[in-house]
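Engineer: Test case, fold it:
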Amino acid sequence: MILDKKLMTQYTLGGTFERSGVGLHSGVLTKVRVMPAALGEGRYFVRLDLAGTPVIPAVVDNVSETTLSTELGSLTQSGKARVRTVEHLLAALAGCGVDHARIEIDGPEVPLLDGSAKLWAEAISEVGVVVIEAERIGKFEDREKIFTQSPCLCSSYLELSEAVWVYKGDSFVAALPAPTIRFTYGIEFDLPAIGNQWYSWMPSQESFAEAIAPARTFGLASQINQLRERGLIKGGSLDNALVCDRQGWLNPPLRFSNEPVRHKLLDLVGDLSLLGNFPIAHFLAYKASHNLHIQLAQQLVGAK
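Structural biologist: Coordinates of the predicted model:
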């Protein structure tokens, strides 16, 4: 179903950066240090606060939970090491063209920061992205050149020969054969401020840092108490999430008129980054979830 023709140049970070903040669901304050990694290491987390500093590779097989975020876990001698809400940071790394990165974290959940991938993308821009080769490492100064050759999104000539679909009711996510990578997302909410929204993004035509990264997570005011009773969104606030009710947004202004659907597309990029290298395909989703995103990724892994 997927033909692996060739693997192009791979990239890592040009330096190290740190960011701190609270986790969306745990409310726990954590610090993250993101560092360069060697060719072949991929993107992976290291839990500094746990015995033995266990490593959790950011791959599809390590997904352990998908309730309102994506959680990764890997077995250790003392149990299972987990890291929660990984999708925004992984989307920033993938969207900015970083194949290989070591992500050290001193707690159970990646900080939500402002609810988007904007601050992660800015941090990546500050340290730069470098190309990894077998015998030398050279730095690119042109960010757009780096992006249009984005390793995660564009440098793998993995071609999809037939469509792959995952659906539940009227919600679905699919990967369709296409000449170039494209992401299209649709959402529909029975709230006037959101309604029906669609957005289509091509990495070769629009910058991830400008078009996708700034879009913040959002929620419905009517669901907040129920989610907190379930032990979720303990770290959520009007400072790191858009909140909507029937009268409109509680904390405007929006960064885009269609910010909610752009954020869902951001989540899709982060979840599918667990593939490592994407097939060249049109990824199409409607009213989907982290669970459906991951099911599609699992189907694509099985098709390789």
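Engineer: CA only for contacts and neighbour counts going forward, please
Structural biologist: OK.
Engineer: mind listing the helices for the chain?
Structural biologist: Here the chain has its helices, by DSSP state H, at 87-95, 118-127, 143-148, 151-154, 208-211, 224-229, 259-272, 290-303.
Engineer: Of all these, which one is nearest residue 20?
Structural biologist: helix 118-127 (10.9 Å; C-alpha to C-alpha).
Engineer: quick one: buried residues of the closest one?
Structural biologist: For helix 118-127, burial by neighbour count (16 or more other C-alpha atoms under 10 Å) applies to 118, 119, 120, 121, 123, 124.
Engineer: now those in CSV, with pLDDT and distance to residue 15?
Structural biologist: Converted to CSV, the buried residues of helix 118-127 look like this (pLDDT from 0 to 100; distance: C-alpha to C-alpha, whole Å):
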residue, pLDDT, distance to residue 15
118, 98, 18
119, 98, 16
120, 98, 14
121, 98, 14
123, 98, 10
124, 98, 9
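Engineer: would a markdown table of the residues you listed with distance to residue 221 be doable?
Structural biologist: Below are those laid out as a markdown table (distance: C-alpha to C-alpha, whole Å):
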| residue | distance to residue 221 |
| --- | --- |
| 118 | 24 |
| 119 | 25 |
| 120 | 27 |
| 121 | 28 |
| 123 | 31 |
| 124 | 33 |
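Engineer: Return the member of these nearest to residue 256.
Structural biologist: Among these, residue 118 lies closest to residue 256 (C-alpha to C-alpha), at 13.3 Å.
Engineer: any idea of the pLDDT on residue 131?
Structural biologist: Looking at residue 131, its pLDDT is 95.
Engineer: and it, how far is that from residue 14?
Structural biologist: 9 Å (C-alpha to C-alpha, to the nearest Å).
Engineer: Show the contacting residues for the residue nearest to residue 123 when sequence neighbours are not counted.
Structural biologist: Computed as C-alpha to C-alpha, 6 or more residues apart in numbering, the closest residue to residue 123 that is not its neighbour in sequence is residue 17, at 6.6 Å. The contact partners of residue 17, by C-alpha atoms under 8 Å, 6 or more residues apart in numbering, come to 33, 34, 35, 123, 124, 127.
Engineer: what's the answer for residue 260, then?
Structural biologist: 194, 215, 216, 217, 218.
Engineer: Give the burial count for the closest residue to the second one other than its chain neighbours, as a bare number.
Structural biologist: Spelled out, it's residue 215. Leaving aside its sequence neighbours, residue 215 sits nearest to residue 263 (C-alpha to C-alpha, 6+ apart; 4.9 Å). When neighbours are counted by other C-alpha atoms under 10 Å, residue 263 registers 23.
Engineer: which intervals of the stretch 1-150 of the chain have sub-threshold pLDDT?
Structural biologist: 1-7, 133-150 (pLDDT under 70).
Engineer: Please enumerate the strands of it.
Structural biologist: In the stretch 1-150 of the chain, strands defined by DSSP state E, counting those that start in this stretch lie at 2-7, 10-13, 17-22, 29-36, 43-47, 55-57, 63-65, 71-76, 79-83, 101-105, 129-132, 137-139, listed in chain order.
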